[in-house]
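Enquirer: What follows is a predicted protein model with its sequence.
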Amino acid sequence: MFNITKKQETFLLDGLDKNTTKMLEYGSGESTIILAKHVNKLVSVEHDINWFNKIKHRVPDNVFIWAKTRGHITWK
């Protein structure tokens, strides 16, 4: 896992509409955890099944992650 700097987090959140309740994100990671604190529901599409298996235990309950594995869709 990597850490987002405070400057990167500020940039990310400054671009977020304060009325946003749902979000779709391509690529899960540290930003997923940060953004989940500011929306009611976040759906993240992840292409790397190994990364999915690492991150799925770290995200809060309002995050739904999709990952494709050998022709099947896996989610948390």
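Expert: Thanks, I have it.

Enquirer: Based on its surroundings, how many neighbours for the residue lying closest to Gly29 once chain neighbours are set aside?
Expert: Spatial nearest neighbour of Gly29, excluding adjacent residues (C-beta to C-beta, 6 or more residues apart in numbering): Ile55 at 6.4 Å. Every C-beta, even on glycine, is put in place using the N, C-alpha and C of the backbone. Using other C-beta atoms under 10 Å, Ile55 has 22 other residues around it.

Enquirer: right, and Ile55 touches Glu30 too?
Expert: No: shown here, Ile55 and Glu30 do not form a contact pair, counting by C-beta atoms under 8 Å, at 9.1 Å.

Enquirer: Can you list the low-confidence ranges for this protein?
Expert: 1-2, 70-76 (pLDDT under 70).

Enquirer: What spatial separation is found between the residue nearest the centre of the chain and His57?
Expert: Taking C-alpha atoms, centre = their mean, the centroid of the chain lies closest to Thr32, which sits 2.7 Å from it. Thr32 sits 12 Å away from His57, going by C-beta to C-beta, to the nearest Å.

Enquirer: Equivalent analysis for Lys37, please.
Expert: 17 Å.

Enquirer: Likewise for Glu46?
Expert: 13 Å.

Enquirer: more neighbours, those two?
Expert: More neighbours surround Glu46 than the other of Glu46 and His57, with 24 against 7 (other C-beta under 10 Å).

Enquirer: What's opposite the more buried one in the beta bridge?
Expert: Ala67 (DSSP bridges).

Enquirer: Show me which helix runs longest in this structure.
Expert: The helix that spans the most residues within the chain, counting by DSSP state H, is helix 6-14.

Enquirer: And for that helix, what's in contact with it?
Expert: Contact partners of helix 6-14, identified using C-beta atoms under 8 Å, 6 or more residues apart in numbering, comprise 4, 31, 34-35, 38.

Enquirer: could you point out which element follows it?
Expert: Using DSSP states H and E, the helix or strand that directly follows helix 6-14 along the chain is strand 22-26.

Enquirer: From the chain's centroid, how far away is that following strand?
Expert: Averaging C-alpha positions (C-alpha atoms, centre = their mean, to the nearest Å) puts strand 22-26 7 Å from its chain's average.
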